[in-house]
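Engineer: predicted model follows, preceded by the sequence.
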Amino acid sequence: MELKLEAEKFESYQDAFVEEITKTIMVKLVEGGVEGRQMRELTASIAFSVASIIDDTAHITADGESVKPYLTFRSGSDELVHCGENSYMHESVYDLLKRLFEG
């Protein structure tokens, strides 16, 4: 596979990814009986936390070694699209939530 630096395409993919994560969290909370303000607050907190971990804000170690996630998206058959740095999904979580909840 070829690693391609395409910041605009990456941002579009990243936005779709964080939206899918957030909607999945919302659905599972509702299925669990959580609604209203509590559902919105938990969705925000969980989505932000998950996005932050993917964005490399957590200190992750495996086998005694520090490891850092680096998000890429597979596009087409042999391209891995990246932005040249860590992802930054956590920055868009609250704007996305505002759009989803205030519609």
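Structural biologist: Yep, that arrived.

Engineer: can you name the helix or strand that residue 46 falls in?
Structural biologist: Assigned by DSSP states H and E, residue 46 belongs to helix 36-54.

Engineer: contacting residues around that helix?
Structural biologist: With contacts defined as Cβ atoms under 8 Å, 6 or more residues apart in numbering, helix 36-54 is touched by 18, 21-22, 25-26, 29-30, 34, 58, 60, 69, 71, 87, 89-90, 93-94, 96-97, 101. All C-beta atoms are positioned from the backbone trio N, CA, C, and that covers glycine.

Engineer: at 7 Å instead, please
Structural biologist: 18, 21-22, 25-26, 29-30, 34, 58, 69, 71, 87, 89-90, 93-94, 97, 101 (Cβ atoms under 7 Å, 6 or more residues apart in numbering).

Engineer: now the buried members of the residues you listed.
Structural biologist: Among those, those classed as buried by neighbour count (16 or more other Cβ atoms under 10 Å) are 18, 21-22, 25-26, 29, 34, 71, 87, 89-90, 93, 97.

Engineer: these in strands, which ones?
Structural biologist: Among those, no member falls in strands (DSSP state E).

Engineer: helices - which of these land there?
Structural biologist: The helices, defined by DSSP state H, take in 18, 21, 22, 25, 26, 29, 93, 97 from these.

Engineer: and the two most separated of these?
Structural biologist: 18 and 29 (16.5 Å; Cβ to Cβ).

Engineer: contacting residues for the nearest residue to residue 88 once chain neighbours are set aside?
Structural biologist: Sequence neighbours aside, residue 55 is the residue nearest to residue 88 in space, at 5.9 Å (criterion: Cβ to Cβ, 6 or more residues apart in numbering). Residues in contact with residue 55, defined by Cβ under 7 Å, 6+ apart, are 86, 87, 88, 89, 90.

Engineer: how about JSON lines for the residues you listed, with distance to residue 46 added?
Structural biologist: JSON lines is the format used below for the contacts of residue 55 (distance: Cβ to Cβ, whole Å):
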{"residue": "86", "distance to residue 46": "20"}
{"residue": "87", "distance to residue 46": "17"}
{"residue": "88", "distance to residue 46": "18"}
{"residue": "89", "distance to residue 46": "13"}
{"residue": "90", "distance to residue 46": "12"}
